[in-house]
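Chemist: What would the 3D arrangement of this be:
(one chain, ligands or ions: 3)
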Amino acid sequence: MKLPDYKEARKRTNSTVEKEIYELDSSISNIGAGKKYYIKTYGCQMNEHDTENIKAMLEQLGFAEVDDYINADLVLLNTCSIRENAHNKAFGMLGRLKHLKEEKRELIVGLCGCMAQEEKVVDEIMHKYKWVNFVFGTHNIHRLPYILNESFNSMKQEIEVYSKEGNIVEGMPVKRASKYKAYVNIMYGCDKFCTYCIVPYTRGKQRSREKDDIIEEVLKLKEEGYQEVTLLGQNVNAYGKDFSYNYNLENLLEDVSKTNIPRVRFMTSHPWDFTDGMIEVIKKYPNIMPAIHLPVQSGSSKILKLMGRKYTKEEYIELFDKLKTIPNVSISTDIIVGFPNESDEDFKETLDLVNYCKYDNAFTFIFSPRVGTPAAKLEDKITLEEKEQRLYLLNETVNKYFLENNKKLVGQKVKVLTEGTSEKEGMLFGYTETNKLINFVGTDDLIGKIIDIEVTDAKTWSLDGKVC
Ligand code: SAH
Ligand code: SF4
Ligand code: F3S
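Modeler: Ligands and ions are numbered 1, 2, ... in the order given. Okay, the predicted model is just below:
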């Protein structure tokens, strides 16, 4: 048994990160034969991509996927710790699984992802959820076949969570959710330690993946017909900072662009590390999409300081203005309201900033204290009611600009990667270069292709269009 330990997780050492190649021991390669699995994923793109690896590993073992957990022999929850409601959802699902397990004793239930890295969660699983068969963390996903094998062979609860990040594992199999766009990890972990955030504890030290491995993956995807890659990391702008040689996101963007994969995206960008060189590269290469996610979190420099974001409102605006020089760029953001002791004046500064930036998209949240982070220890006099009121006002403001920006596109021709049939009957959907969802009438042969669409109507969260 290996349990998570926050003290370990918080440590940052200079130890070098090695590369390891994933291998499956042939003696266990059919432990899932004839069995069905269901996996539920919470959280960010990183988790979605981990799920793509987990699915492929399970299928190597002989498991087949089902889309309803009721029919599964193995249910796995890939969890997220970012806010309390992500926790509650996972625990709610565990409640449903407990009932299922009472009827179906042979059901195997596992929990992985960021919640598995939390001391408190694992403690709760060990004491109150003894029927959960196994738990593993974000640093040892590649160990799943072995953990599962142990779990099949023993009647005990298996818990294997490493607090210290391990090697970078290459060569893990992957079952991608899309045939046209793919996630490509470029780095793992985060060293920014924003005071409210759990990620540096659940994902460990910042480690960049080697350039050659990234390029090889992109080239393979291109060969397989993929139209788009999204380079993933918690803070991609810090890519390469842990290398002993000089190679950074600016260089990587340029090299990925030169593979000639039609579309390159990257996320998430921390404003702190955004360089002028990166902006130049984005401008220079047309296959780097002009869509930047630039979380601001707050418009008050006082709150930004308390959050440990390392930039002021003015510095953020300076960067924002530079990014706006990228032709047709769309900029989206994340904002937290109700950080401990955020005053009315602080909140007003956030609204003022939104009124200045007029974001194309924004994800807005109420501050959620995470055990173990510095911000969770701050005394907070603001009531939940006030926080909810702020979130409401903020949402009203950001939504206004989504619609306003979308309306400017009506009558214009945009390039769209068609992804599939829309929820709207008889229509297809896709995304513009600026990452806007667009619905249009078209035939199935357009799916997977980049086509020209004329925007005919604008809504707050989507566009309508017609094939040109
Ligand atoms: N690495 C990314 C963010 C990852 S988490 C970055 O630094 O921009 C995604 C978003 O969740 C954050 O941008 C933040 O807005 C929000 N978030 C993180 N921790 C939170 C917390 N404790 N309470 C509320 N929102 C939080
Ligand atoms: Fe969390 Fe900050 Fe790292 Fe983003 S940069 S993952 S908000 S600590
Ligand atoms: Fe959640 Fe972990 Fe992602 S906490 S947001 S799943 S890195």
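
Chemist: For the closest residue to Glu388 other than its chain neighbours, give me phi and psi.
Modeler: Spatially, and ignoring its direct neighbours in sequence, Glu388 is nearest to Ile366 (7.0 Å; CB to CB, 6 or more residues apart in numbering). Just so you know, the C-beta spots here come from the backbone N, C-alpha and C atoms, and that holds for glycine as well. Backbone geometry at Ile366, expressed as degrees, to the nearest 10, gives phi -90, psi 140.

Chemist: Model confidence for Ile366, exactly?
Modeler: pLDDT for Ile366: 98.

Chemist: and it, how many neighbours does it have?
Modeler: 17 (other CB atoms under 10 Å).

Chemist: quick one: contacts for it?
Modeler: Residues near Ile366 by CB atoms under 8 Å, 6 or more residues apart in numbering: 336-338, 384, 387-388, 391.

Chemist: Now, of these, which are buried?
Modeler: Taking 16 or more other CB atoms under 10 Å as the criterion, what is buried in the contacts of Ile366 is 336-338, 387, 391.

Chemist: In the stretch 251-400 of the chain, which residue sits closest to ligand 2?
Modeler: Using CB to the nearest ligand atom, the closest approach of the stretch 251-400 of the chain to ligand 2 is made by His270 at 5.0 Å.

Chemist: residues in contact with that residue?
Modeler: By CB under 8 Å, 6+ apart, the residues touching His270 are 192, 235, 237-238, 295.

Chemist: swap the cut-off to 6 Å and go again
Modeler: 235, 237 (CB atoms under 6 Å, 6 or more residues apart in numbering).

Chemist: just Gly233 next, same as before
Modeler: By CB under 6 Å, 6+ apart, the contact set of Gly233 is 186-187.

Chemist: ok so, going back, and the pLDDT at the residue of the stretch 251-400 of the chain closest to ligand 2?
Modeler: The score at His270 is 95. That number is its pLDDT.

Chemist: How far does the helix or strand where Leu353 lies sit from its chain's centre?
Modeler: Assigned by DSSP states H and E, Leu353 belongs to helix 344-357. In terms of CA atoms, centre = their mean, to the nearest Å, the centre of helix 344-357 is found 26 Å from the chain centre.

Chemist: which residues touch it?
Modeler: Here helix 344-357 has contacts from 298-300, 303, 320, 390, 397-398, using CB under 6 Å, 6+ apart.

Chemist: Of the contacts of Ile366, which belong to strands?
Modeler: 336-337 (DSSP state E).

Chemist: can you put the contacts of Ile366 in a markdown table and add distance to ligand 1 and pLDDT?
Modeler: Output for those, formatted as a markdown table (distance: CB to the nearest ligand atom, whole Å; pLDDT from 0 to 100):
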| residue | distance to ligand 1 | pLDDT |
| --- | --- | --- |
| Ile336 | 5 | 98 |
| Val337 | 9 | 98 |
| Gly338 | 9 | 97 |
| Leu384 | 13 | 95 |
| Lys387 | 11 | 97 |
| Glu388 | 13 | 98 |
| Leu391 | 11 | 98 |
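
Chemist: show me where pLDDT drops low in the stretch 201-350 of the chain?
Modeler: Applying pLDDT under 70 to the stretch 201-350 of the chain flags no residue at all.

Chemist: got the residue ranges for the strands in it?
Modeler: Using DSSP state E, counting those that start in this stretch, the strands of the stretch 201-350 of the chain run over 207-208, 228-232, 263-267, 291-293, 330-337.

Chemist: how about the residues of the stretch 201-350 of the chain near ligand 1?
Modeler: 234-235, 268, 270, 295, 297, 334, 336 (CB under 6 Å from any ligand atom).

Chemist: so which of those is the most crowded?
Modeler: Ile336 leads these on contacts (other CB under 10 Å) with 27 neighbours.

Chemist: Of the buried ones among the contacts of Ile366, which ones also sit close to ligand 3?
Modeler: Filtering the buried ones among the contacts of Ile366 for proximity to ligand 3 by CB under 6 Å from any ligand atom leaves nothing.

Chemist: Grab the nearest non-local neighbour of the residue of the stretch 151-300 of the chain found nearest ligand 1.
Modeler: Nearest residue of the stretch 151-300 of the chain to ligand 1 (CB to the nearest ligand atom) works out as Pro295 at 3.5 Å. Nearest residue to Pro295 in three dimensions, chain neighbours excluded: Asp334, at 3.7 Å (CB to CB, 6+ apart).

Chemist: likewise Leu94?
Modeler: Counting by CB to CB, 6+ apart, the nearest residue to Leu94 once its immediate chain neighbours are dropped is Tyr129, at 6.1 Å.

Chemist: Give me the distance between the one you found and Gly420.
Modeler: For Tyr129, the distance to Gly420 equals 37 Å [CB to CB, to the nearest Å].
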